[in-house]
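A.B. asks: coords please:
(2 chains)
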Amino acid sequence: MKLVNNAAGREVPETIPGIGKLEPFQGAYARTPLVRREKGSRTLPRLNKIVDTLEQAILKCGLQDGMTISFHHHFREGDYIVNMVMDIIANLGIKNLTLASSSLTTCHAPLVEHIRKGVIKRIYTSGLRGVLADEISHGLMDTPVLIHSHGGRARAIETGQLSIDVAFLGVPSCDLYGNANGFSGKSACGSLGYAIVDARHAKKVVLITDNLVDYPNTPFSIDQDLVDYIVIVDAIGDPQGIATGATRMTRDPRELLIAELASQVIVTSGYFEDGFSVQTGSGGASLAVTRFLRERMLERNIKASFALGGITSQIVKMHEEGLIKRILDVQSFDLEAVRSIGENRYHTEIDASYYANPLNKGCVVNKLNVVVLSAMEIDTEFNVNVITGSDGIIRGASGGHSDTAIGSGLSVIVAPLVRGRTPTVIDKVTTVITPGETVDVLVTDHGVAVNPRRPEVLEKLKLARLPVYTIEELKKKAEKVTGTPEPLPFGKKIVALVEYRDGTIIDVIREIHS
Amino acid sequence: MRILHSGSAGTLESSDVLITVERNPAKGVVIELESISEARFGNRIREVIKETLKKLQVEDVKVRVQDRSALDCTIRARLTAAVFRAAGIEKYPWEELE
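C.D. replies: Prediction:
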């Protein structure tokens, strides 16, 4: 056995039969260069990762042409981070970047210029809205945008299909070593569920905050061991756009009618029993379902085991009065939800992979009994469109729609039969986000249709004398009111690819001529 | 029916339409359509306007249609009201209107 003198002056073996090669000790700092360089000295007390400017952070990360950068969309319409970071990157002359944001909203219109100037070459996102969406729909980009679901994005990142070089993550509270959470500070957004996936997998992680707090910032959602640099700015978002006080219950009589009918469907479906679990998507009717369910739950002394998803004040209220035992929160929609995730022991933050990644060892959408989702269009095959508007322009988001539809026991789509003079139930949706084989029931203001794949649900609804029709009948009703729409003036060019949650391409969106 | 002066009916609320009719010194029907449903229902809206004008026996007219996704029945009703107002007729033959 060959022995060598190590840095501690001891004779140690270089190999041992049955174990193999061994590394002799080379000094306490020799093999942990990252720690040593950053620390300088082991006993330095004010160790921190704060850099003075965003520009310095970008340079330190080694951002170069052609790399992939990522953002989260927890600040929704109030986000300052994407535009702030992109302006600085553009000034640095870096080009051909892939922008992989968990989603994009109307406040990201300034990206149009960065695309025109070649700073951004590709986009991954769940959704697009406003001017940016309009320009992209009219053919702004050479390479199609890739639209993913929330679960699909987590899958792409965790499998390495989407490899992020630098993640720029706005955080409402952060300490000097990178422990961050979303529920405190002036820009509080609640859950950081989408950001957590980026923090775990990006090669470099930059946190941007307007609220530096004492170390250690517990409880934290993003852990210090994932963070490279921290930048402090005046404001990371506009609180008005990040979250409203409490999501208001709709007063629209048509939405209330749909919501009440949807709650009757759920109650009679066979899934409404003690310990059931539920998610309600955004949108007036969908949110209002919660209220009607609450009444039924009180009547029958039924409690839900958990509520999932985008969390609102209604869910929080039901949790606090004991009707919903646990909340699993990937995105907090209003300030009541933000407060609750900070205060309530059993209001738990979950990340996008835990929520919906179809390839991990168990995402929570699989444990969901009932989901209520909205739709822009639904066709006679029950395929759902939540991304392109009736004018063919992108104006929505894939979100968790397809993830929860397939994961849940009962997926309920709520939508008015007609909007303006645009029929919602049609022959073929403009864009398929959620395939019909994962959709169970459609509830409209003119009646209910059950997917023929679920005859047992249909039987129950008929027994309860709910207004059940075939989806073809609902389509005819809609067309009788609106007339038959002419086809949209789409061109040849593909402006967006719609990826299903498993990574396959389920549809494309083409350039619109209008 | 003869158009004497300009007349309008409707609102700019969602699902409604604001229709203004006036004399056309030249001959024929001129339709100026502004609609958020143009791509899918523009032709249908023009058709409804022409049919309705024909029924009302209006031949030389300028029609300005500011549509907010109104249904055909709404368009017919608003156009009829606008034409009656423009023709200075205050009594509506309710029984004869569809």
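A.B. asks: Now whatever residue of chain B ends up closest to chain A: phi and psi?
C.D. replies: Here chain B gets closest to chain A at one residue, B:S69, 2.8 Å apart by CB to the nearest CB. From N, CA and C alone the C-beta is placed, and that goes for glycine too. When read as degrees, to the nearest 10, the backbone of B:S69 gives phi 70, psi 40.
A.B. asks: quick one: pLDDT of the residue nearest to it when sequence neighbours are not counted?
C.D. replies: With CB to CB, 6 or more residues apart in numbering or on different chains as the criterion, B:S69 has its nearest non-adjacent residue at 2.8 Å, and that residue is A:G420. pLDDT recorded at A:G420 is 87.
A.B. asks: Ok, A:S313 next?
C.D. replies: Reported pLDDT for A:S313: 93.
A.B. asks: cool, the one 3 residues further on as well?
C.D. replies: pLDDT for A:V316: 96.
A.B. asks: picking that back up, okay but the residue of chain B closest to chain A is in contact with B:R40, surely?
C.D. replies: No - using CB atoms under 8 Å, B:S69 is not in contact with B:R40; the gap is 10.2 Å.
A.B. asks: Between those two, which is the more surrounded one?
C.D. replies: B:R40 (23 against 20; other CB atoms under 10 Å in any protein chain shown).
A.B. asks: nearest residue to that one other than its sequence neighbours?
C.D. replies: A:P485 is the one closest to B:R40 (CB to CB, 6+ apart), at 3.8 Å.
A.B. asks: secondary structure class for that neighbour?
C.D. replies: coil (DSSP: H, G, I helix; E, B strand; the rest coil).
A.B. asks: Checking my notes, A:E472 in a strand, right?
C.D. replies: No - per three-state DSSP, A:E472 lies outside any strand segment and is helix.
A.B. asks: got a list of what the residue nearest to it when sequence neighbours are not counted touches?
C.D. replies: Setting aside the residues directly before and after it, A:E472 is nearest to A:T380 in space (CB to CB, 6+ apart), at 5.5 Å. Counting by CB atoms under 8 Å, 6 or more residues apart in numbering or on different chains, A:T380 touches A:425-427, A:471-472, A:475.
A.B. asks: swap the cut-off to 6 Å and go again
C.D. replies: Contacts for A:T380 (CB atoms under 6 Å, 6 or more residues apart in numbering or on different chains) come out as A:471-472, A:475.
A.B. asks: again with B:V21
C.D. replies: Counting by CB under 6 Å, 6+ apart, B:V21 has contacts B:7, B:61, B:63, B:82-83, B:86.
A.B. asks: which SSE is it in?
C.D. replies: strand B:17-23 (DSSP states H and E).
A.B. asks: which parts of chain B sit against chain A?
C.D. replies: Residues of chain B that fall close to chain A, judged by CB under 6 Å from any CB of the partner chain: B:15, B:37, B:39-40, B:44, B:69, B:71.
A.B. asks: quick one, what contacts A:D507?
C.D. replies: Applying CB under 6 Å, 6+ apart, the residues near A:D507 are A:431-432, A:498.
A.B. asks: ignore the last one, A:I222
C.D. replies: Taking CB under 6 Å, 6+ apart as the test, what A:I222 contacts is A:180, A:199.
A.B. asks: again, only this time at 7 Å
C.D. replies: For A:I222, the contact set (CB atoms under 7 Å, 6 or more residues apart in numbering or on different chains) comprises A:169, A:171, A:178, A:180, A:192, A:195-196, A:199, A:207.
A.B. asks: any idea which of the residues you listed is closest to A:N48?
C.D. replies: A:G178 (9.0 Å; CB to CB).
A.B. asks: Could you tell me how many residues sit around that closest one?
C.D. replies: Count around A:G178 with other CB under 10 Å applied: 27.
A.B. asks: ditto for A:E511
C.D. replies: With other CB under 10 Å as criterion, A:E511 counts 19.
A.B. asks: Touching, it and A:I136? I think so.
C.D. replies: No - in this structure, A:E511 is not within contact of A:I136 by CB atoms under 7 Å, at 9.2 Å.
A.B. asks: which residues are in contact with both of the two?
C.D. replies: A:V495.
A.B. asks: so the residue of chain B closest to chain A sits right up against A:P423, yeah?
C.D. replies: No - contact between B:S69 and A:P423 fails when scored by CB under 7 Å: they sit 11.6 Å apart.
A.B. asks: Brilliant, that's me finished.
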